[in-house]
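Trainee: 3D, please:
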Amino acid sequence: MKQRILINILSQKIPRYISEILTSSEDERFEVRHKKDKTMVTNIDEKISSLVKTELKNIFGDHYNFYCEEDHSELFYPAVVLDPIDGTKGLVTGTHECSVSLAFMETPVISEGFGWIFNPFTGLSVATDDISLDLENKQVDPPLGLVSRTEWGKGIYKDLVLGNMLIAPMGSIAFKLGLLATGACHFIISAYPKNIWDIAGGSILCKQRNILLFNAKAEEILILDKEYIKGPMFWCKKELAPRIMDIINQRRENEL
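Mentor: Presented below is the predicted three-dimensional model:
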């Protein structure tokens, strides 16, 4: 499978590129700047974006539209959707709550895609073609959910009655989705909207493991055909969705 060839190349080159930049005292030193929307971007983001674009063309030619946070025009399919470093704050501050998020999408249908999440600092790497066993498992109580550190810091989840559920903060939605796909947590809530490059790779991986993406009405989101996805949204297995909706509804009531 050509996707695996690309992933193998990137999983070797990306850590090396990052290490060279972070340890360099010369021309390739680590640089951080703020974009117009006040979000951070680094030369590591740009280096990875350029690397993926080059290797993608070497393997697939012009088959895919390259749609990346740092390099995109119009979104059309088939597309490779890339966030070179989701969670730039985690990269800059050294918490390493960040990851590469890569999605191959012949169509905007989530279930038809190929996803890869890779944290070059922790070694977390999960892809569509990794073997995983889809076995019936008992419901875990209390289920553990992850939310963004930004939302947590703003007190969005402060006064909610969670019942027999736990919520913890963690940076990078792509990294959280990678953890969810591997079973390290049971649900994720995002109160704020997301760009497609933030969630495409992780949503594909989760869907392939029967973990679904829902909107604020508990309707499953089946396609990603727009750059911007409105919040709130959440990811979990179907049977857990009513309990997550209770949290969403509590937030609505608290905001009134």
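Trainee: strands along the stretch 151-256 of the chain, start to end?
Mentor: 166-169, 187-190, 194-195, 212-214, 228-229, 233-236 (DSSP state E, counting those that start in this stretch).
Trainee: what residue ranges in the chain are flagged as low confidence?
Mentor: By pLDDT under 70, the low-scoring segments of the chain are 25-28, 134-138, 256.
Trainee: contacts only, for V100.
Mentor: Contacts for V100 were tallied using CB atoms under 8 Å, 6 or more residues apart in numbering; they are 10, 14, 48, 82-86, 116-120, 174. Heads up, the C-betas are built off the backbone N, CA and C, glycines and all.
Trainee: which ones among these map onto helices?
Mentor: Mapping the contacts of V100 onto helices (DSSP state H) picks out 10, 14, 48, 174.
Trainee: among those, who's most crowded?
Mentor: A174 (29 neighbours; other CB atoms under 10 Å).
Trainee: tell me if I'm right that that residue and I199 touch.
Mentor: Yes: with contact defined as CB atoms under 8 Å, A174 counts as touching I199 (7.2 Å).
Trainee: need the residues touching each of the two.
Mentor: Counting by CB under 8 Å, 6+ apart, the common neighbours of A174 and I199 are S101.
Trainee: K89 versus the most centrally placed residue in the chain, what's the distance?
Mentor: By CA atoms, centre = their mean, the mean C-alpha position of the chain lies nearest to A174, the distance being 1.8 Å. Here the criterion is CB to CB, to the nearest Å. By it, A174 lies 13 Å from K89.
Trainee: do the same with Y17
Mentor: With distances taken as CB to CB, Y17 is found 20 Å from K89.
Trainee: same deal with L180?
Mentor: 20 Å.
Trainee: and if you look at S101?
Mentor: When CB to CB is the yardstick, S101 and K89 sit 15 Å from each other.
Trainee: please say which of the two ends up with more neighbours.
Mentor: Neighbour count, other CB under 10 Å: between S101 and K89, S101 has more, with 32 against 16.
Trainee: in CSV, could you pull the C-alpha coordinates for the helix or strand containing the more buried one?
Mentor: Using DSSP states H and E, S101 sits in strand 99-105. Extracted in CSV, the C-alpha atoms of strand 99-105 (Å, rounded to 0.1, in the frame of the first residue of the first chain):
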residue,chain,number,x,y,z
SER,A,99,1.3,15.5,16.7
VAL,A,100,1.4,15.2,12.9
SER,A,101,-2.1,14.6,11.5
LEU,A,102,-2.4,13.1,8.0
ALA,A,103,-5.5,12.0,6.1
PHE,A,104,-5.8,10.5,2.6
MET,A,105,-9.3,11.2,1.4
